[in-house]
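**Student:** Attaching a predicted model along with its sequence, questions to come.
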Amino acid sequence: MKYLFSIILLLILSSCKKDNITLTDNSNYKQARFFRDSKIPDSAFYYYNLAKNDYLKIQDSLGAGKSLVNMAMIQTQKGDFYGGIESSLEANKYLKKEKDSTTRSTLAISYNNIALSSNFLKNFEQSLKYYFKTLEYIDENNEIKFVCYNNIGDVLITQGKFSLAEKYLEKAILAKRPNYYSMALNNLAKAKYLNNKNYNPIPELYKALEIRKKNNDEEGLNSSYETLSEYFRLKDKALSLDFAKKMLLSANKNKSSKDQILALKKIIKLDPVNYLESFQKLDSISTNVQTARSKAKNQFAVVRYDVEQKNAQNQILKTKTFQQNIGIATLILTLVGGFFWNEKRKKNIRREKEQEKQLEVKNTELKYSKKVHDVVANGLYHLMIEIENNPYINRIKILNDMEKMYEESRDISHDRMSEVDFHERFGKMINSYQTDDQKVIPIKYVEKIWEKIPQNTQSELFYVIREILVNMKKHSDATFVALKFEKDDNTLRITYTDNGKGIKNLDTQRGAGIRNTENRIDTIGGDIIFEENPNGGLIIKITIPIHSKYV
């Protein structure tokens, strides 16, 4: 179990005391702090974004950096791990004065946030790298360093490096605060018995449990129950089940969805008699978590995009107001002399054109930024699916795929997405979703299918099919998927069929995924129809006219 959020909250508390007068005087920053303390993260994120722009206008890099770090932590806590990493990296660009105590504590929070997000994304080497970076910016006399040592040990346990984990957990156990000590004690005992099957960790595990009960450390109790359940899994299944149920009760009490999921997975294995009831609970919680994370990712991206749009609109309003004032001044100057009025008018025209060009560039950048975000986000998820389906995937292939995404994002910004290997790439994308338990079969898929199909249509179809397969992977529980390709002189038809659980009430439950695919198909003049499969599952029919003004 990943018991890692405590360091974030404690670093926030320590850094908040050091906010200088410039930060606290900013009304948007104060409003963001209010919403954060009131546990309304969506509103806090919005006002931190406004505050960041305020600080950038007055070239206050520390203010901009602290605002971005707070945005990053909100994204991570809501499950938008890639967004959290992105915001932290952006924040680090503004935090340059390493000797300043406020800047150092802010950098520590930022690096810790990257480490935490990387851990959740199972990028353990990157997680360790940034936990060590966090240590560089924590003062020697700050007890937070013990939590950081614990987190390093926790990651090393996950990697199976138990001896090295013991080394860092021996440092973590020197903590004086009960919560820190019990956390390190629990993990140290775990590392010892995993490293030596003859070692008896029970006295230490029960000691950590009692400390957590005494201090009402609810998240710590989740961790202790999980560790004890796992220890007894092969030794005493009844006792293991008892601790798993205690973990579920504790997780329900403190509303920790990740711990609820972990507890239910254990209960399902240990209590097959009540399998269906436990599985239904697990499915419901997992769906809610996935929905919340997807919503957060889209929501935070939209908030940043909308704020930039409003800035652009404010610039237009300022331009109009400026023009009105110039008009009045021009009338007065006309009375003084035609020459001066004419010269002033020429300057204003040049200035207006320059501002319009700047605004056009800004809107273009915003449009492509959102498009690149969509493409790269889906590409990363696709790469994650490939790695999950093939744990022995070649490292060179992963690097090549990442380089491909990089080139693709650059090509979008230049409106040039042509590629000569599209047929092969499209086929590989489809095949990457196939596992031993899920068959994904392309039917009549040949290279000539893409003849006379323009590049923009090919690109949109690539993203549509990938979106459909991603949703299949997440939600359908299908074991068989077929993609049939047909083409004549006028029409390209793609028919998707699976044997999953389908989509109930198709007419009313049109989620973001369906709307996204419909919008993409609409931009190339095609049609897409979602139907229930009479044999169970889902049928999607895509029709693209070959001779069309769109293509």
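**Tutor:** Arrived safely, thanks for sending.

**Student:** ok, now how distant is residue 482 from residue 427?
**Tutor:** Separation of residue 482 from residue 427 (CB to CB, to the nearest Å) stands at 14 Å. Where you see a C-beta, it was placed from the backbone N, CA and C, and this is true even at glycine.

**Student:** cool, and residue 398?
**Tutor:** Counting by CB to CB, the gap from residue 398 to residue 427 is 19 Å.

**Student:** what's the answer for residue 148, then?
**Tutor:** Using CB to CB, residue 148 is found at 46 Å from residue 427.

**Student:** ok, now residue 176?
**Tutor:** 60 Å.

**Student:** where do the helices sit along the stretch 1-150 of the chain?
**Tutor:** Applying DSSP state H, counting those that start in this stretch to the stretch 1-150 of the chain gives helices spanning 5-16, 21-25, 27-37, 41-57, 61-77, 81-92, 101-120, 124-136, 144-158.

**Student:** the more surrounded of residue 176 and residue 427?
**Tutor:** Taking other CB atoms under 10 Å, residue 176 and residue 427 do not tie; residue 427 has more neighbours (14 against 8).

**Student:** Do you know the pLDDT at the more buried one?
**Tutor:** On pLDDT, residue 427 comes in at 91.

**Student:** before we move on, what about residue 172?
**Tutor:** 91.

**Student:** Can you name the residues that contact residue 61?
**Tutor:** 55, 94-96 (CB atoms under 8 Å, 6 or more residues apart in numbering).

**Student:** could you dump these to JSON lines with distance to residue 526 and neighbour count?
**Tutor:** Shown next, in JSON lines, are those (distance: CB to CB, whole Å; neighbours: other CB atoms under 10 Å):
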{"residue": "55", "distance to residue 526": "46", "neighbour count": "23"}
{"residue": "94", "distance to residue 526": "45", "neighbour count": "21"}
{"residue": "95", "distance to residue 526": "48", "neighbour count": "22"}
{"residue": "96", "distance to residue 526": "50", "neighbour count": "12"}
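
**Student:** Redo those residues as a markdown table? Include pLDDT.
**Tutor:** As requested, the contacts of residue 61 are exported to a markdown table (pLDDT from 0 to 100):
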| residue | pLDDT |
| --- | --- |
| 55 | 92 |
| 94 | 88 |
| 95 | 87 |
| 96 | 74 |
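
**Student:** now, which of the residues you listed sits nearest residue 187?
**Tutor:** residue 95 (30.4 Å; CB to CB).

**Student:** Pull up the gap between the closest one and residue 134, please.
**Tutor:** 13 Å.

**Student:** next one: residue 109
**Tutor:** Relative to residue 134, and taking CB to CB, residue 109 is found at 8 Å.

**Student:** Which one's more surrounded, these two?
**Tutor:** The residue with more neighbours, out of residue 109 and residue 134, is residue 134; 27 against 24, by other CB under 10 Å.

**Student:** got a pLDDT number for the more buried one?
**Tutor:** The model's pLDDT for residue 134 equals 91.

**Student:** how about stretch 171-184 as PDB, C-alpha atoms only?
**Tutor:** Only the C-alpha atoms of stretch 171-184 are listed here, as PDB (Å, rounded to 0.1, in the frame of the first residue of the first chain):
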ATOM      1  CA  LYS A 171      17.100   5.800   9.000                       C
ATOM      2  CA  ALA A 172      13.300   6.500   8.800                       C
ATOM      3  CA  ILE A 173      12.800   4.600  12.100                       C
ATOM      4  CA  LEU A 174      14.800   7.300  14.000                       C
ATOM      5  CA  ALA A 175      11.800   9.600  13.700                       C
ATOM      6  CA  LYS A 176      10.400  10.900  17.000                       C
ATOM      7  CA  ARG A 177       6.900  11.700  15.900                       C
ATOM      8  CA  PRO A 178       4.600   8.600  16.600                       C
ATOM      9  CA  ASN A 179       3.000   8.700  13.100                       C
ATOM     10  CA  TYR A 180       6.400   8.800  11.400                       C
ATOM     11  CA  TYR A 181       7.900   6.100  13.700                       C
ATOM     12  CA  SER A 182       4.900   3.700  13.300                       C
ATOM     13  CA  MET A 183       5.000   4.200   9.500                       C
ATOM     14  CA  ALA A 184       8.700   3.300   9.300                       C
END
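
**Student:** Can you list the buried residues in it?
**Tutor:** 171-173, 175, 179-184 (16 or more other CB atoms under 10 Å).

**Student:** thinking residue 49 is in contact with residue 70, fair?
**Tutor:** No. Assessed by CB atoms under 8 Å, residue 49 is found out of contact with residue 70, at 9.7 Å.

**Student:** Return the residues in contact with residue 426.
**Tutor:** Counting by CB under 8 Å, 6+ apart, residue 426 touches 450, 458, 462, 465.

**Student:** Can you tell me which of these is closest to residue 538?
**Tutor:** residue 465 (13.9 Å).

**Student:** Find out how far the helix or strand containing that closest one is from the centre of the chain, if you would.
**Tutor:** Here residue 465, judged by DSSP states H and E, is contained in helix 455-471. Here the centre of helix 455-471 is set off from its chain's centre by 21 Å, with CA atoms, centre = their mean, to the nearest Å.
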